[in-house]
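Student: Fold the following for me, if possible:
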Amino acid sequence: MNNDSFIDSDLMKVVGHRMLLRIEKAPEKTKGGIIITKSFQDDSTFLSCIGEVVKMGDACYKDKMFYGLDPWCKIGDWVLFPRHAGQRVSEKDVDYIFIEDCHVYGVFKQKPEGVQRR
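Tutor: Numbering: from 1, shown residues only. You can find the predicted model right below:
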């Protein structure tokens, strides 16, 4: 069996108008040093609505009538997406989500720190 990551290699191609986002893990400790339980970390990561664009399908943002002339985001951008969008997967303790290009609600100018969903 091949041990290559399907995310970091060409073993999997994201298709159509979908994109793959890496979801930031919840912290292990609070700023004050309190240790956060693994269960709470997992719940927080699952509920996260912010991710880094890792891969994009060939059809992402190609519909100029809907999206205009410029794509809303690109690989490497940090984006905001709806909580119940897409299909979540994990590989090697890293969480990812497949979403459709139209599910990008916003793009951060830099990696967001301390942004929380309410």
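Student: So what's the predicted local confidence for A85?
Tutor: A85 carries a pLDDT value of 86.
Student: pretty sure it is touching C102, no?
Tutor: No. Judged on CB atoms under 8 Å, A85 makes no contact with C102 at a distance of 9.6 Å. Yep, even glycine has a C-beta here, placed from its N, CA and C like the rest.
Student: Can you tell me the SS state at V53?
Tutor: What DSSP: H, G, I helix; E, B strand; the rest coil gives for V53 is strand.
Student: what number of residues lie near it?
Tutor: 21 (other CB atoms under 10 Å).
Student: What lies in contact with stretch 92-99?
Tutor: With CB atoms under 8 Å, 6 or more residues apart in numbering as the contact definition, stretch 92-99 has outside contacts at 5, 7, 14, 18-23, 25, 45-46, 51, 54, 81, 85-90.
Student: picking up where we left off before, looking at A85 and C102, which is more packed in?
Tutor: Each of A85 and C102 had its neighbours counted (other CB under 10 Å), and the higher figure belongs to A85 (17 against 14).
Student: any idea how far that one lies from R18?
Tutor: 11 Å (CB to CB, to the nearest Å).
Student: Identify the contacts common to those two.
Tutor: With CB under 8 Å, 6+ apart as the test, A85 and R18 both reach I99, E100.
Student: Can you list the buried residues in stretch 16-25?
Tutor: H17, R18, M19, L20, L21, R22, I23, E24 (16 or more other CB atoms under 10 Å).
Student: where along the protein do the helices fall?
Tutor: 38-46, 64-67 (DSSP state H).
Student: Check the offset of the last one from the chain's centre.
Tutor: The reference is to helix 64-67. Chain-centre distance of helix 64-67: 23 Å, with CA atoms, centre = their mean, to the nearest Å.
Student: ok, residues contacting that helix?
Tutor: Against helix 64-67 from outside (CB under 8 Å, 6+ apart): Y61, D101, C102.
Student: wait, which of the residues you listed is closest to K111?
Tutor: D101 (20.7 Å; CB to CB).
Student: That closest one: neighbour count?
Tutor: Neighbours of D101 (other CB under 10 Å): 22.
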